[in-house]
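1. what shape does this take:
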Amino acid sequence: RWTFTPLWISYIIIINSLCYMRTGKSLLTHNTLYLIKLFPLSAVFWWIFEYLNRFTTNWYYTGTGELSAARYIAEASLAFSTVLPAVMSTAAFLQSFPVLYAGMDSYIKINVVHRKLLWFTVFLLSGAGLAFTGVFPEILFPLLWISPLLIIVSFSALSGNDTVFSGIVRGDWRPVIVYAIAALMCGFFWEMWNINSMAKWIYSIPYVHGFKIFEMPLPGFAGYLPFGFECAVVGGFIRAKS
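-> Here you go, the predicted model:
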């Protein structure tokens, strides 16, 4: 029941060690305060998704025992606190492999003339989509991952802040590639370490239960892509404020 947090603390230390071995720096050694700030932020960040899942019930937990509400929140928050540090540390490690994003620094440019109007429209539509997810969960459940991303990105863009997508105006897709792979990499370990755990999550996703990798239906791994971008935006916001 208590191995999730030690596993992920160990992962974070190891991935930072590998990053240091390759580049001579890491979040753990050179941005220690920033990495520490990610832990409490991560707990709040993931609790938002736990709340949204109340409307879709795409996953549920077993093997947690008969816990009081206070103890459940405390133990779950400790586990949730490792999410952002893991993804951000993995992204820093992956950046040391230029072959992963070769040619993505001058790729397709996507520029929009009326940016504020676009982002305001995206903000309204994504907010509406998230609201209607609770009304039509069987159909709109993918918006649980997509709408929060669009809300965060559009709000950041309207506030004049850079996001993981800012570079694509110049044709720089490197952050997009790195954070997508980072989330998938962490997702692989989340699912692998979950499958035989005594305390675990089980998915209940409509229409996609035909083929699974661990507990996750194969199409469900696509959800890690927007999740990686959400981690990048939230982590980048804290970095900017540090």
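
2. any idea how far residue 98 is from residue 178?
-> 10 Å (CB to CB, to the nearest Å). Backbone N, C-alpha and C define where each C-beta goes, glycine included.

3. quick one: which of those two has more around it?
-> Remark: of residue 98 and residue 178, residue 178 carries more neighbours, 23 against 11, as counted by other CB atoms under 10 Å.

4. which residues touch the host helix or strand of that one?
-> Element membership for residue 178, per DSSP states H and E: helix 174-195. With contacts defined as CB atoms under 8 Å, 6 or more residues apart in numbering, helix 174-195 is touched by 3-4, 7, 11, 83, 86-88, 90-91, 94-95, 100-101, 104-105, 164-165, 167-168, 200-201, 213-216, 221, 224-225, 227-229, 231-232.

5. can you give me the buried ones in stretch 130-139?
-> By neighbour count with 16 or more other CB atoms under 10 Å, stretch 130-139 contains the buried residues 130, 133, 137.

6. nearest residue to residue 13 in space, please, no chain neighbours.
-> Spatial nearest neighbour of residue 13, chain neighbours left out: residue 28 (6.9 Å); criterion: CB to CB, 6 or more residues apart in numbering.

7. what number of residues lie near the one you found?
-> Neighbour tally, residue 28, other CB under 10 Å: 19.

8. report the contact partners of it.
-> When contacts are taken as CB under 8 Å, 6+ apart, residue 28 is in contact with 12, 13, 16, 17, 20, 35, 89.

9. that one: which element?
-> Per DSSP H and E: helix 27-30 holds residue 28.

10. what about the nearest residue to residue 87 once chain neighbours are set aside, how many neighbours?
-> Among residues not flanking residue 87 along the chain, residue 231 sits closest, at 4.2 Å (CB to CB, 6+ apart). Residues near residue 231, counting by other CB under 10 Å, number 28.

11. my guess is residue 231 contacts residue 84, does it?
-> Yes. Counting by CB atoms under 8 Å, residue 84 is a contact partner of residue 231 at 5.8 Å.

12. what do these two both touch?
-> With CB under 8 Å, 6+ apart as the test, residue 231 and residue 84 both reach residue 45.

13. please spell out which residues along the longest helix belonging to the chain are buried.
-> Using DSSP state H, we find that the single longest helix of the chain is helix 32-56. Under the neighbour-count criterion of 16+ other CB under 10 Å, helix 32-56 has 34-35, 37-39, 41-43, 45-46, 49, 52-53, 55-56 buried.

14. next one: stretch 72-80
-> 75, 76, 77, 79, 80.

15. spatially, what comes nearest to the first one if we skip its sequence neighbours?
-> The spatially closest residue to residue 75, leaving aside those adjacent along the chain, is residue 67, at 7.0 Å (CB to CB, 6+ apart).

16. pLDDT score assigned to that neighbour?
-> pLDDT, residue 67: 78.
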